[in-house]
Every structure is written in C-alpha cells, then in structure tokens.
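Engineer: sequence first, predicted model second:
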Amino acid sequence: MHLPTRWRASVAAVLATVTAGIGAVAADTPSASAAAACQVSYRADQWSGGFVGYVKLTAGDSAIHGWTVGWTWPGDQKITNAWNAAVTQSGTAVTAVNAAYNGDLAPGASLEFGMQGTWVADNTAPAAFTVNGAPCGATPSPAPTSASPSPSRSSSPSPSASPSRSTPPSPSASPSPSASPSPSGPPPSGCTGALWCDGFEDQTGTVPSGAWTLAYPDCQGTGSAVVDTTVARSGSRSVRVDGTAGYCNHVFLKSTRDFGALGGVWYGRFYVRHTTALPAAHVTFLAMRDAADGNRDLRVGGQNAALQWNRQSDDATLPEQSPAGVAQSRPLPVDRWVCVEIRVDGPAGQVQTWTDGSEVAGLRVDGVPTADVDRQWLSRANWHPNLTDLRLGWESYGEGADRLWFDDIAWGAARIGC
Ligand code: CA
C-alpha cells in the first residue's frame, strides 16, 4: 500500500462535560427548585503533536457578567494560540478570561472559545473546570487529575516518543509544481492588469492540478475540494469545496504559482458562491501564509455572521468583534456569486476589502487606530505582512459548515476589479 503524500490524521475527538453551579446551593440543603448550574464542556481535534480544543461555557439559571474559566491539563498540552478568550498557561494550569465582547452570558446562554496547541505524550482532556473560581462540574474527589500518576491513563509511557503513527504530517510544502500549467481555456473576463487569472477552464479531472494543489495543514479530515463542471461563474468549471465543522476537516485549494513577482502589495480578486450564510462561529475561506509573522496565516472568513480578517498569530480580528464593529462589516449572500477583492499592502501595513466592488468600511486597516475597526489589529506595532502563499477553501475552528464554490481568481499588483 502506498502511503499518500499527505498524512491522514486519525482525528480523535475527546469530550468531557461537567456540570455544577456557580454559587450552587450546598448539597446538604434540599432546595425546592433545583437551580440549574453552569456547564463547561470540552472537545478537541487532535493529531500527532497538535490539537485544537474547544471550550463551551453555558450559564445556568443565573446570568454571568465576566468570566474566568480555569482548568488543569492532565497531559503535557501547551497552548500556542487562542480565540474568543485571553488564555494563559502556567505549568499545567490554564486560565481563560472573556474577551471584551463576550463577557456577558444570559441565563442558559452559551458561548465557545478555542485554542490551538501542542502535546507530546498525553492529550487527555481536562476533567474539571472552574468558573470565576468556583468549581463548575468539579469532581468530588480532591483533584485526582493532576496529582497521582494514574497508571490507567491512555498516555504513552515514554515521554519522548509521540504515539506511533504511520508518518508525521508532511509540512505541505513543495507541492510539486508539475511543470508550467498550460491553460487551454480562455481567461475569464475582467482580468486586465492581473498577473494571473484562473477560471479553472484548463482543469481536466476532478482533482485540482497544475496551478493548484490541495492542502490540509497539520491534519486531514473530511473536507474536500473538487473541480465542478455543473456550476461555474464563467466557462464551464469552478472548484467546489465541501467544508465541515472542526479544524481538521479543513481543506484548501492552494496555488502553486510563484508569488515573488507580485512584490509587497497584493491585490486579489475571486468570486465565491456560498450555500450557507456565514456562521456565528469563526471560519476561514482564504488563508495566506505570512513569512513576516512566523509563517502564520493571514485569514479572511467570517464570524458573527459577517466577513472578517483574522491574524492567526495573535487572533486579532478586523473588525473588532464588538457589535459596533461587526455592524461595519457585512454578511455574504448565498446562492449567488459574489466578487471579493482584497488589498494587502505589506510595506504600508494596510488592508482593504471590497464585495461586488463596494468597499467594506469595517474591513480596513489604514494605520490610524479606529475603535471597533482596526484598533485591536494595530495594537501590534510594525505589522508588515510578507505573504508567500494563497489558499482558498474552508477552515472551521468550532462550528460552521458550508458547500461553496470558487471561480475566476485573479491576483496582481494593482486593483483588478470585478
Ligand atoms: Ca470557470
């Protein structure tokens, strides 16, 4: 059996749900109406050496105004990145504090925050959580999770070896640009000034090839992308992406072109056709690796039902995810093609965004911090992206799934238009 070039992760989901109360009535006091307690649940997608974890906090009968969720890793997890909460780790102890926009939870309401991290020998899910210092679902036994070395844990005994997997995840580099793609079909309209323009008309099979390859960074699940001859914005072909929830189900259509000729200022234009409205949860459908930011991704996608940019390295969002910020972005239509244009100016550290030719006010980084828009983004000084790849597809960090199509993609050093 030939191993595929990409490592197919056995995506394991671990789930822990615990319940208890903030200020719950003591157990020895029978109460007429049992107060519903807060709940914290945890699940994770994991692969050899890495994981994405999701924590869902649900308020009980009482509202929550500001929250701090704490837990202790049973394993050797190390958090590298988080979203929808400020997460810090000291040893195995983790503290997650609400962001400015999600501190208030009505009775019974819930929210989710997430994190990405690494592990070596043990990625056991946390067994208990505290909310604002009170045990939320604490197991009655005094912290058995961190103290005694329970032999029955699923961890591998050797601390150094990672679980014996077939092959390590290939870093998805060197996508073998099989010679120069020879476009046989006519270029799509509206490509004047573009360095390249691609409507997938030269694709001959269902698996994207030539100028495109498929990429599944870190892990591969159920997401798929195929050349589709039944839906097209121009010509007779597009690429259809079936994206499902969960980080490891991501899939990207990755360009194999050399972006060196673009220089430091990128103008991108693509048409996308969504089936489902952008979800409340954070999703990405355009990712670009930033060599000036530790090769972390600069992302375009959605959150709170509107378009947004996201910086993977520090989870900064554009606009800020406050109600006033989200209101300055816009949702994307479904069941029709929409033209999305971006400008990323590395030397200037600026970003602009248009849909159907109309600029989105909340999706602009112009160097002057504006509350609810780019103030959070500009809190990092000297942000000068140096983009080195281009990936269109679907990546979810919690919930959110969609079937979507891409067509008529053009990139250049000046604005291309729709
Ligand atoms: Ca086409």
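Structural biologist: Received the coordinates, thanks.
Engineer: near the ion, which residues of the chain?
Structural biologist: The chain comes close to the ion at residues Gly199, Phe200, Ala232, Ser234, Gly235, Arg237, Asp407, as judged by Cβ under 5 Å from the ion. The way it works is simple: take the backbone N, C-alpha and C, and place the C-beta from them, glycine included.
Engineer: surely the last one forms part of a strand?
Structural biologist: Yes. Asp407: assigned to a strand according to DSSP: H, G, I helix; E, B strand; the rest coil.
Engineer: count the residues that sit near it.
Structural biologist: Residues within reach of Asp407, counting by other Cβ atoms under 10 Å, total 24.
Engineer: in the protein, where is pLDDT below threshold?
Structural biologist: 1-35, 83, 100-101, 137-189 (pLDDT under 70).
Engineer: quick one, helices of the stretch 101-250 of the chain?
Structural biologist: Ranges of helices in the stretch 101-250 of the chain, per DSSP state H, counting those that start in this stretch: none exist.
Engineer: can you map out the strands along it?
Structural biologist: 104-105, 110-118, 129-131, 134-136, 196-198, 212-215, 224-228, 238-243 (DSSP state E, counting those that start in this stretch).
Engineer: rewinding a little: any quick ChimeraX command for the buried ones out of the residues of the chain next to the ion?
Structural biologist: Burial among the residues of the chain next to the ion is assessed by 16 or more other Cβ atoms under 10 Å; the matching ChimeraX selection reads:
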select :199,200,232,234,235,237,407
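Engineer: which one of the residues of the chain next to the ion is nearest Glu112?
Structural biologist: Checking the residues of the chain next to the ion against Glu112 by Cβ to Cβ gives Asp407 as the nearest, at 32.4 Å.
Engineer: how about the contacts made by that closest one?
Structural biologist: With contacts defined as Cβ atoms under 8 Å, 6 or more residues apart in numbering, the neighbours of Asp407 are 188, 199-200, 232-235, 237-239, 270-271, 273, 337.
Engineer: run through the bridge partners of it.
Structural biologist: Going by DSSP bridges, Asp407 is paired in beta bridges with Tyr271.
Engineer: how near is it to Trp47?
Structural biologist: Distance, Asp407 to Trp47, using Cβ to Cβ, to the nearest Å: 32 Å.
Engineer: do Phe285 as well
Structural biologist: On the measure of Cβ to Cβ, Phe285 and Trp47 end up 22 Å apart.
Engineer: tell me the contacts of the most centrally placed residue in the chain?
Structural biologist: Nearest to the geometric centre of the chain sits Tyr397, at 4.4 Å (Cα atoms, centre = their mean). Shown in contact with Tyr397 (Cβ under 8 Å, 6+ apart): Val52, Tyr54, Trp83, Gly114, Tyr247, Ala281, His282, Val283.
Engineer: please convert the residues you listed to TSV, extending it with neighbour count.
Structural biologist: TSV is the format used below for the contacts of Tyr397 (neighbours: other Cβ atoms under 10 Å):
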residue	neighbour count
Val52	23
Tyr54	22
Trp83	23
Gly114	24
Tyr247	25
Ala281	21
His282	27
Val283	25
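Engineer: which of those sits closest to Pro135?
Structural biologist: Relative to Pro135, and with distances defined as Cβ to Cβ, the nearest of these is Tyr54, at 20.6 Å.
Engineer: so which strand or helix has that closest one?
Structural biologist: Using DSSP states H and E, Tyr54 sits within strand 50-58.
Engineer: angle of that strand against strand 110-118?
Structural biologist: For strand 50-58 against strand 110-118, the angle by axes from the mean of the first three to the mean of the last three Cα atoms, to 10 degrees is 160 degrees.
Engineer: strand 50-58 packs against which elements?
Structural biologist: strand 39-47, strand 110-118 (3 or more Cβ pairs under 8 Å, 6 or more residues apart in numbering; DSSP states H and E).
Engineer: report the angle between that strand and strand 39-47.
Structural biologist: Using the same axes, to 10 degrees: strand 50-58 against strand 39-47 is 170 degrees.
Engineer: for strand 50-58, the distance to its chain's centre please.
Structural biologist: 13 Å (Cα atoms, centre = their mean, to the nearest Å).
Engineer: quick one on the thing from earlier: ranking the helices and strands packed on strand 50-58 by burial, who's on top?
Structural biologist: Comparing the helices and strands packed on strand 50-58 by mean neighbour count (mean count of other Cβ atoms under 10 Å), strand 39-47 comes out on top with a mean of 23.
Engineer: got the CA coordinates for that one in PDB?
Structural biologist: Presented in PDB, the C-alpha positions along strand 39-47 are these (Å, rounded to 0.1, in the frame of the first residue of the first chain):
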ATOM      1  CA  GLN A  39     -21.800  23.800  32.400                       C
ATOM      2  CA  VAL A  40     -18.500  23.600  30.700                       C
ATOM      3  CA  SER A  41     -17.700  21.100  28.000                       C
ATOM      4  CA  TYR A  42     -14.500  20.400  26.200                       C
ATOM      5  CA  ARG A  43     -13.800  18.700  23.000                       C
ATOM      6  CA  ALA A  44     -10.700  18.500  20.800                       C
ATOM      7  CA  ASP A  45      -9.500  17.500  17.400                       C
ATOM      8  CA  GLN A  46      -6.000  16.100  17.700                       C
ATOM      9  CA  TRP A  47      -3.200  14.800  15.600                       C
END
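Engineer: distance check, Pro107 against the ion.
Structural biologist: 50 Å (Cβ to the ion, to the nearest Å).
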